[in-house]
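Colleague: Sequence and predicted structure below; questions after.
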Amino acid sequence: MKRFPDNFLWGGAVAANQVEGAWQQDGKGLSTSDVQPQGIFGPIVQRTAGDSALKDIAIDFYHRYPQDIALFAEMGFSCLRVSIAWSRIFPQGDETQPNEAGLAYYDRLFDELARHHIQPMVTLSHYEMPLGLVQNYGGWGNRQLINFFLRYARTVFQRYQHKVKLWLTFNEINMSLHAPFTGVGLPGDSSKAAIYQAIHHQLVASALAVKACHEIIPDARIGNMLLGGLMYPLTCKPEDVFETLQQNRSWQFFGDVQCRGAWPGYMLRQLHEQGIELDITDEDRAALRETVDFISFSYYMSGCVTTDEALNQQARGNVLSMVPNPHLPSSEWGWQIDPIGLRTLLNMLWDRYQKPLFIVENGLGAKDCPQADGTIEDDYRISYLNDHLLQVAEALKDGVEIMGYTSWGPIDLISASKAEISKRYGFIYVDRHDDGAGSLTRSRKKSFFWYQRVIATQGDSL
Ligand code: BGP
């Protein structure tokens with residue numbers, strides 16, 4: 001028996017602002033990502049004529065996609081996760097008519113994928129939105145954003161209804177809590193109350209988009225997308241165990257709303273105790289009842305939770321304030337490598353929601369050193385991915401329903417957290433460097449051939 005079912009989707013995942021470049025081409029407006037050239041935790045800068053950022057060209061996927069898709073096809077991909085840059089379709093966000101040149105670009109992209117029998121999975125908003133919606137409306141803190149998003153979602157559902165059957169609403173929606181500008185267009189010093197209200201608007205918008213997708217493309221499936229921030233208790237002290245439950249809920253609650261159709265009681269209590277009462281209208285409650293068809297998530301690492309304040313102080317500054325796990329190794333960027341955690345997370349999400357799951361991001365960011373002849377022996381990447389996929393196979397045996405696996409960054413791209421390219425995830429190397437130098441030439445790493453074989457054997461080569 002094969003390790004993975006025949007209909008299991010294999011592929012990779014990218015995001016518009018991390019690969020496309022062409023930041024001002026064909027009528028595209030400025031996006032929130034364009035004014036954060038140092039990444040999602042970096043400062044917001046005013047773009048002035050003549051300045052440049054690595055993301056402006058990124059890996060030039062906007063122009064080179066036919067060549068890149070041919071390489072994905074060579075690896076045997078059946079699925080490619082991409083995102084649409086909202087600001088290509090509605091440059092300022094509040095127009096009544098979409099930008100035809102932006103729509104036409106994604107038509108060409110989806111047609112190219114179809115030629116190679118690769119199914120697109122499309123994220124509506126991957127860490128970006130039109131900057132105009134922040135400058136003129138105050139971002140997701142403003143209810144009007146719901147309608148702007150819905151207009152955008154309906155436009156792309158209608159336009160691509162025959163080409164795209166797998167959709168996701170917001171990338172890592174729970175990251176809005178940690179990177180508010182990237183997630184909800186609010187400054188980092190916004191109050192918790194403002195951030196949660198903005199998140200509520202986003203959750204309503206997500207549910208309304210799900211409804212619109214069901215109406216416009218009845219044979220499509222639409223999911224949410226969570227950062228799977230799996231947490232373990234550092235000790236078996238009951239306080240640590242309970243705090244871990246709460247920390248896991250801090251990201252699961254997004255899934256609870258999107259899969260169960262209402263704000264969970266534990267979350268309303270937590271907010272109430274902090275003096276936060278959300279403005280949730282009856283109309284919002286009705287909207288939230290439309291739930292997603294499947295759950296997608298990213299998984300890179302796990303972390304530990306403790307109630308020991310001294311240890312917590314040391315941990316601040318990590319992306320999710322995780323306390324290191326003494327049993328796990330870390331990547332160069334301090335991300336702790338935990339393949340078994342992926343099996344745990346898959347089981348946890350399946351037990352909680354009983355909805356199909358899709359692993360839409362997983363991978364190892366590492367520095368690659370091409371040898372004199374240009375080859376790249378990225379055994380570290382192969383070993384990371386191999387170990388994680390073996391755990392996916394275990395979860396399948398556990399009875400978890402898994403639709404597919406798209407590794408993050410199948411081609412080197414600009415990192416979200418640091419906006420550098422030297423943190424590479426790809427099976428395909430891109431000759432570009434943090435200082436902007438490089439020919440943008442693509443080449444196959446050792447992992448390219450490893451993944452090709454994994455796909456060809458449906459995981460039996462793992
Ligand atoms: C996820 C994001 C991606 C991505 C990835 C890796 O959080 O959805 O956009 O970039 O993480 O993170 P990084 O690029 O910071 O290494």
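Modeller: Perfect, thanks for sending it. Numbers count the residues shown, from 1 in each chain.

Colleague: got the residues of the stretch 1-150 of the chain near the ligand?
Modeller: Contact residues, the stretch 1-150 of the chain versus the ligand (Cβ under 6 Å from any ligand atom): A15, Q18, Y127. Every C-beta, even on glycine, is put in place using the N, C-alpha and C of the backbone.

Colleague: Of these, which belong to helices?
Modeller: Using DSSP state H, the subset of these located in helices is Q18.

Colleague: can I get the residues of the stretch 1-150 of the chain next to the ligand in a markdown table with distance to G334 and neighbour count?
Modeller: Formatted as a markdown table, these follow (distance: Cβ to Cβ, whole Å; neighbours: other Cβ atoms under 10 Å):
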| residue | distance to G334 | neighbour count |
| --- | --- | --- |
| A15 | 22 | 26 |
| Q18 | 21 | 25 |
| Y127 | 21 | 24 |
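
Colleague: which one of the residues of the stretch 1-150 of the chain next to the ligand is nearest the ligand?
Modeller: Proximity to the ligand was ranked across those by Cβ to the nearest ligand atom; first place goes to A15, at 4.9 Å.

Colleague: In contact with the residue lying closest to that closest one once chain neighbours are set aside, which residues?
Modeller: Of all residues not flanking A15 in the chain, H126 sits nearest, at 3.9 Å (Cβ to Cβ, 6 or more residues apart in numbering). H126 sits next to A15, A16, N17, S83, N171 when contact means Cβ atoms under 8 Å, 6 or more residues apart in numbering.

Colleague: can you do 7 Å?
Modeller: By Cβ atoms under 7 Å, 6 or more residues apart in numbering, the residues touching H126 are A15, A16, S83, N171.

Colleague: For the residue lying closest to K28 once chain neighbours are set aside, give me phi and psi.
Modeller: With sequence-adjacent residues excluded and distances taken as Cβ to Cβ, 6+ apart, K28 is closest to R88, at 4.6 Å. With angles defined as degrees, to the nearest 10, R88 sits at phi -80, psi -30.

Colleague: and what of G255?
Modeller: Dihedral angles for G255 - degrees, to the nearest 10 - are phi -70, psi -40.

Colleague: is it true that it touches L227?
Modeller: No - judged on Cβ atoms under 7 Å, G255 makes no contact with L227 at a distance of 10.7 Å.

Colleague: So between these two, which is more surrounded?
Modeller: Legend: neighbour count by other Cβ atoms under 10 Å for G255 and L227, higher for G255 (24 against 21).

Colleague: The ligand versus the more buried one, what's the distance?
Modeller: As judged by Cβ to the nearest ligand atom, to the nearest Å, G255 and the ligand stand 16 Å apart.

Colleague: so what's that residue closest to, chain neighbours aside?
Modeller: Distances taken as Cβ to Cβ, 6+ apart place L226 nearest to G255, at 5.5 Å, with adjacent residues excluded.
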